[in-house]
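Undergrad: I'd like to go over a predicted model; first the sequence, then the structure.
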Amino acid sequence: MSIIIGNSVDGNPAELAALHQYIASLEQQVHILEIENQRLRKETTPALYPGIEEALRRNAARLEHLLHYSPVIIFSSRADGDYNVTYMSENVRKILGYSPASFIAKPGFWISQVHPDDAPAVAANLGLLAERGECQQTYRFLHADRTYRWVYNILRLVRDTRGVPLEIIGSLEDITERKHAEEVLEATERLVQQIASTMPSILYIYDLILEQNIYSNQHIWETLGYTIEDIAVMGRNVLPTILHPDDLVHAINHRTVLAQTPDETVSHFEYRVRHKDGTWRWLQSREVVFMRTTEGQPQQILGVAHDITEQKLNEEALRASEHRLLQSNEELRQRNRDISLLNEMGGLLQACSDINEAYRVIASSAEKLFEGQAGALYLHQDTANRYTIVANWGELALIVPSFNGCSCPSIFEQQTCSPCQAERTPCQHLQGQAGESILCIPLVVWGKTLGILHLHNHTFATSEHRKRWQQLADSVAHHVSLALTSLTLREQLKQQAIRDALTGLYNRRYLDETLPRELQRAARHNQSVTVMMIDVDHFKYFNDTYGHDMGDALLRTVGAFLETHTRSDDIVCRYGGEEFMLVLPGAAMEPAHLRAEELRVGLQSMNIEHKGHLLDAMTVSIGVATFPDHGTFADALIKSADEALYRAKHSGRNRVALFGAG
């Protein structure tokens, strides 16, 4: 929670300035209405009463309309220390879920809904209001749905001409989404920083315009002995200072060529760098254009550098023997092939749209990486600690579709294991097979085992071949682990963004994105689209009588019924509260009317039990509107359905109302 006295406040200055301007505009409108009301009172005569009363009603209606559509709650409270609310704008219903009467009729209700951890600071801030006259604060406030929302609160103390406090005028804005976005951004930044800090390579960003490094990770110290501060001090002299004189021109020419290539082109080059102890180290860099100027010119290069000094020394030593040279070249060729295929697999995995496509990419890439070999990918299932095969390649003998996680040491030890080792417990999923040609590599991310990569190899001849094979297997397992974790998180975030947490139906955000597209498609094909707005009658009665748990269960029941009694092309959404929205592409008004009646009757006939007791029958009211007759845009069509629902409610509930019908 943050509390601000005076004019300073945490957050985006532009957003806060806009909020202050908006509140000032509201106050100006209210002031104009008050002046108009005062004028009307002064001019009051019995003969003018009817006209004045009508003008007062119009002014009141204007004020209520202004506050109803405002995203900011306006309220006033006593300034005597009890802070009891004396006025609360009507839009508090849709923002915080309470009626204005909840605040006015219950002394101390406002303060009692503040989160316990924030309440002391809020109370202390109110105590300073008399001294400062105004305060701004953010804290958590209990919504009517029993979840806490972050609110931004501005309070102003109103005094009379003698300086005596009269009342407190305040505003509340729900900033929960902004808070959540900030938290997600902070988490993402921490994750990126952790990745940069833990990767076993030098990560750097070089600015072509400034001609200096503007970022390096900590690994530069481990590889070259320089601190990040040492590199910063070198500034524009970083390349002449640390690059070998024979490689300086090569590096400059390389970056000149790189600047002329497309952004997605990854360029490699090798060069010598002076270690802080004075020795020379060979590095291999992979660079790509990272940022361009507004004119499209390359500005920054992102690079990853590996220390290849040992590899270079080995190459020089191997030149003395033709046999060793040929062997080294073959190993290098194979390693480069593996790296290339790993990079290819990584790129393909990043481009996958869903997890099943990733399984196909893994199988195809593994078949290339482990040429002439066989293998399988097993992933953990949520129940019974089972690991099930999701991809396989080559010819695997006696393959099992799934196995218990306790049967493979690589899973509970989180280490690569080979059944040929005498001290190892035989893996049950091998069904008695063993030997040096078998590996089980766990897929571990953040300490959690996602699955295992199971490999069979009958081609290697020496321990060196086996070692390289195991290293490649470990690299593949690492790439696969990160890719599957990323895809899973991406899918979870996507579902969380478009699904209602209580009912599992699509949410209003999904409706706002989808309905305009459906209307455009219908317009192109000259078809109708019907929307139904469904509201559970007397939902508050169920909540008050049986509790909120029952209310939640009731909403889930309605959602499940609607989902199972609609076509596959229909869109079922929870619109908000106890309201649901159905979008029926291609449905005209009359068939949709019959369908709405079927849904209404079906819901009414459901037997709903709670704790062994049969509840009162549930009914719904339904408003129906059809594109294009009742609206050519999504907002207009929804408004028409809402008006029809309103008429159904006020006509006695438990009925279907068509927009425009008598």
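TA: That came through fine. Nothing here was measured: the structure is a model prediction, and the numbers come from that model.
Undergrad: Dihedrals phi and psi, Tyr139?
TA: phi -160, psi 170 (degrees, to the nearest 10).
Undergrad: Contact partners for it?
TA: Residues in contact with Tyr139 (Cβ atoms under 8 Å, 6 or more residues apart in numbering) are 1, 3, 114-115, 118, 121-122, 150-151, 153. The C-beta positions use only the backbone N, C-alpha and C, and glycine is treated the same way.
Undergrad: want to throw these into TSV with neighbour count?
TA: Shown next, in TSV, are the contacts of Tyr139 (neighbours: other Cβ atoms under 10 Å):
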residue	neighbour count
Met1	16
Ile3	18
Val114	21
His115	15
Asp118	20
Ala121	15
Val122	22
Trp150	20
Val151	24
Asn153	22
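Undergrad: of all these, which comes closest to Glu609?
TA: Proximity of the contacts of Tyr139 to Glu609 was ranked by Cβ to Cβ; the top entry is His115 with 35.5 Å.
Undergrad: Look up how far Phe290 lies from the closest residue in space to Pro200 that isn't next to it in sequence.
TA: Once flanking residues are discounted, Pro200 sits nearest to His219: 6.8 Å by Cβ to Cβ, 6 or more residues apart in numbering. With distances taken as Cβ to Cβ, to the nearest Å, His219 is found 18 Å from Phe290.
Undergrad: Neighbour count: those two, which is higher?
TA: More crowded of His219 and Phe290, by other Cβ atoms under 10 Å: His219, with 21 against 15.
Undergrad: Look up phi and psi at the more buried one.
TA: In terms of degrees, to the nearest 10, the main-chain angles of His219 are phi -70, psi -20.
Undergrad: For it, give its distance to Val304.
TA: Relative to Val304, His219 is positioned 10 Å away (Cβ to Cβ).
Undergrad: Out of the contacts of Tyr139, list just those in helices.
TA: Among those, the members found in helices (DSSP state H) are 121-122.
Undergrad: what residues do His219 and Val304 have in common as contacts?
TA: With Cβ under 8 Å, 6+ apart, His219 and Val304 have common neighbours 199, 201-203.
Undergrad: And for Trp469, the neighbour number?
TA: As a burial measure, Trp469 scores 18 neighbours (other Cβ under 10 Å).
Undergrad: if I've got this straight, it is in a helix?
TA: Yes: counting by DSSP: H, G, I helix; E, B strand; the rest coil, one finds Trp469 located in a helix.
Undergrad: doesn't Gln350 make contact with Ala358?
TA: No: counting by Cβ atoms under 8 Å, Gln350 is not a contact partner of Ala358; they are 9.8 Å apart.
Undergrad: Common neighbours of those two, please.
TA: Ala483.
Undergrad: low pLDDT regions in this structure?
TA: Within the chain, the stretches with pLDDT under 70 are 1-69, 382-384, 396-399, 405, 407, 412-415, 417-436, 458-462, 662.
Undergrad: is it true that Glu367 touches Asn392?
TA: No: counting by Cβ under 8 Å, Glu367 does not reach Asn392; the two are 9.7 Å apart.
Undergrad: need the helices for the stretch 1-150 of the chain, in chain order.
TA: Using DSSP state H, counting those that start in this stretch, the helices of the stretch 1-150 of the chain run over residues 13-42, 49-68, 92-96, 100-105, 109-112, 119-127, 129-132.
Undergrad: Report all helices and strands that the fifth one contacts.
TA: In terms of contacts (3 or more Cβ pairs under 8 Å, 6 or more residues apart in numbering; DSSP states H and E), helix 109-112 is packed against helix 100-105, helix 119-127.
Undergrad: Can you check which of the ones you listed gets nearest to His454?
TA: Of all the helices and strands packed on helix 109-112, it is helix 119-127 that lies closest to His454, at 56.2 Å by Cβ to Cβ.
Undergrad: can you give me how far the closest one is from the chain middle?
TA: Chain-centre distance of helix 119-127: 33 Å, with Cα atoms, centre = their mean, to the nearest Å.
Undergrad: buried set for that helix?
TA: When burial is assessed from 16 or more other Cβ atoms under 10 Å, helix 119-127 yields the following buried residues: 119, 122, 125-126.
Undergrad: For Asn213, state which of those residues is nearest.
TA: Checking the buried residues of helix 119-127 against Asn213 by Cβ to Cβ gives Asn125 as the nearest, at 46.0 Å.
Undergrad: Quick check: the closest one touching Gln136?
TA: No: here Asn125 does not reach Gln136: they are 9.2 Å apart, not a contact under Cβ under 8 Å.
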